[in-house]
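Visitor: take this sequence and fold it.
(one chain, ligands or ions: 2)
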Amino acid sequence: MSLAATGITPQAQAEVPNAIEVEHIVKKYGDFTAVDDISFSVREGQIFGLLGPNGAGKSTLIRMMTTLIPLTAGTARIAGHDVESDPDDVRRVIGVIPQALTSDIDLTVEENLSIYAKLYDVPSEKRKQSIDELLKLVDLSKWRSAQTKTLSGGMRRRLEIARGLVHSPKIFFLDEPTTGLDPVSRVAVWEMLTRIKNQRQLTILITTHYMDEADRLSDRIAIVDHGKLVALDTPAALKASIPGSTVIEAQFEGAPGDWEQRLGQLAGVTRVQHLGADMYRVLTSNGSETTTALVEMAVAAAIGVKSLSVQNTTLDDVFVHYTGRQLRDELVKSYAFVMPPRPGMQP
Ligand SMILES: Nc1ncnc2c1ncn2[C@@H]1O[C@H](COP(=O)(O)OP(=O)(O)OP(=O)(O)O)[C@@H](O)[C@H]1O
Ligand SMILES: [Mg+2]
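Guide: Numbering: from 1, shown residues only. Ligands and ions are numbered 1, 2, ... in the order given. Below you'll find the predicted structure:
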């Protein structure tokens, strides 16, 4: 852990109260530790992004914070209520959208909302108005009488977001609300959440493994890996916390054993990582100078450059920096250009 901002906000700075306070929380399943001593706080009105790969412990964390499973150790307070000693108080102030879609596909959109409103004891005279407002908020007014099974994935997510708000919670937990949606629907969901947050003065905790989303919409981000908190800060501070402002990813043909070391000696380079299979990631404070030097060194050593990409630091790079692994499935997302094969080189 390299960032100082992992603890609970000091009293002196805390003009805005914390909506969520998690201290040294642990969840064990037998010998396996799914969540390993995590602490963080979220101020009222913020969007907090919990970012991590499959199996990192995101859903387990949410389940503990929302009173669904007991804690092995540590504490979690939601709007000041302890999840273990005051679970009913916690449940009254939270809305939860679980990872799996849980609306009833045989009911209409309106019926799905109305059942929840009744479950949460929303008074009958307020129910209709509240449902009308929520349908408008998630842009589903036209679909109120449609059977839920006829909705697209994005529309069903929006219905579940509306359903999570029927009892006017103050703190909203969403577990991967955009996974499986197409890019347009993902953006629609995020824009909707930002709007809803502002209109209803919500605090939002959201999990995702999409770095771009977390970057654009979160006030603060916690990166979780193998149950541990590896970094926590604003997106900008996280990006600034890793050495170098530019990332060069290059794949070479026949690089020698000391190649990593030689890359590290190029102008401007602050860090080199060998990602395997002839692929290297070079962090630099001077992208153009290092790129030129890198290509010149390869040419002089008769080492082929199979691909090369140069880009500004992203949250992906932050993730690689703190975990030593890439979150995305493929090794390299995009190539700025692909070098033509050099004479005599294998294609
Ligand atoms: N009830 C359980 N019993 C045993 N192990 C569990 C249980 N629930 C979760 N785990 C394990 O805990 C780890 C964290 O799981 P969790 O579902 O919290 O991850 P996640 O970050 O939400 O991942 P994903 O992105 O796949 O949803 C995983 O290795 C998972 O297999
Ligand atoms: Mg999960």
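Visitor: how about stretch 279-299: buried residues?
Guide: By neighbour count on 16 or more other CB atoms under 10 Å, the buried set for stretch 279-299 is 279-284, 286-287, 290-291, 293-294, 297-298. All C-beta spots, glycine's among them, are computed from the backbone N, C-alpha and C.
Visitor: how far off centre is it?
Guide: Counting by CA atoms, centre = their mean, to the nearest Å, stretch 279-299 is centred 30 Å from the centre of its parent chain.
Visitor: so which bits of this protein are right by ligand 2?
Guide: 58-59, 99 (CB under 5 Å from the ion).
Visitor: again, 6 Å this time
Guide: Residues of the chain lying near ligand 2 by CB under 6 Å from the ion: 58-59, 99, 175.
Visitor: which of the residues you listed has the largest number of neighbours?
Guide: Counting neighbours by other CB atoms under 10 Å, the top entry in the residues of the chain next to ligand 2 is K58, with 24 neighbours.
Visitor: next, count neighbours for the residue nearest to that one when sequence neighbours are not counted.
Guide: Residue nearest to K58 in three dimensions, not counting chain neighbours: T207, with 4.1 Å by CB to CB, 6 or more residues apart in numbering. Per other CB under 10 Å, the neighbour tally for T207 reads 25.
Visitor: quick one: V187 is in a helix?
Guide: Yes. Counting by DSSP: H, G, I helix; E, B strand; the rest coil, V187 is found in a helix.
Visitor: and it, how many neighbours does it have?
Guide: If you count neighbours by other CB under 10 Å, V187 ends up with 16.
Visitor: now the helices for the stretch 51-200 of the chain?
Guide: Applying DSSP state H, counting those that start in this stretch to the stretch 51-200 of the chain gives helices spanning 58-65, 87-93, 109-119, 124-137, 153-163, 183-200.
Visitor: tell me where the stretch 151-300 of the chain has strands.
Guide: 171-175, 203-208, 220-225, 228-233, 246-253, 269-276, 279-284 (DSSP state E, counting those that start in this stretch).
Visitor: ok, now which ones touch D182?
Guide: G154 (CB atoms under 8 Å, 6 or more residues apart in numbering).
Visitor: kindly list the main-chain dihedrals of it?
Guide: Note on D182: backbone dihedrals following degrees, to the nearest 10 are phi -70, psi 160.
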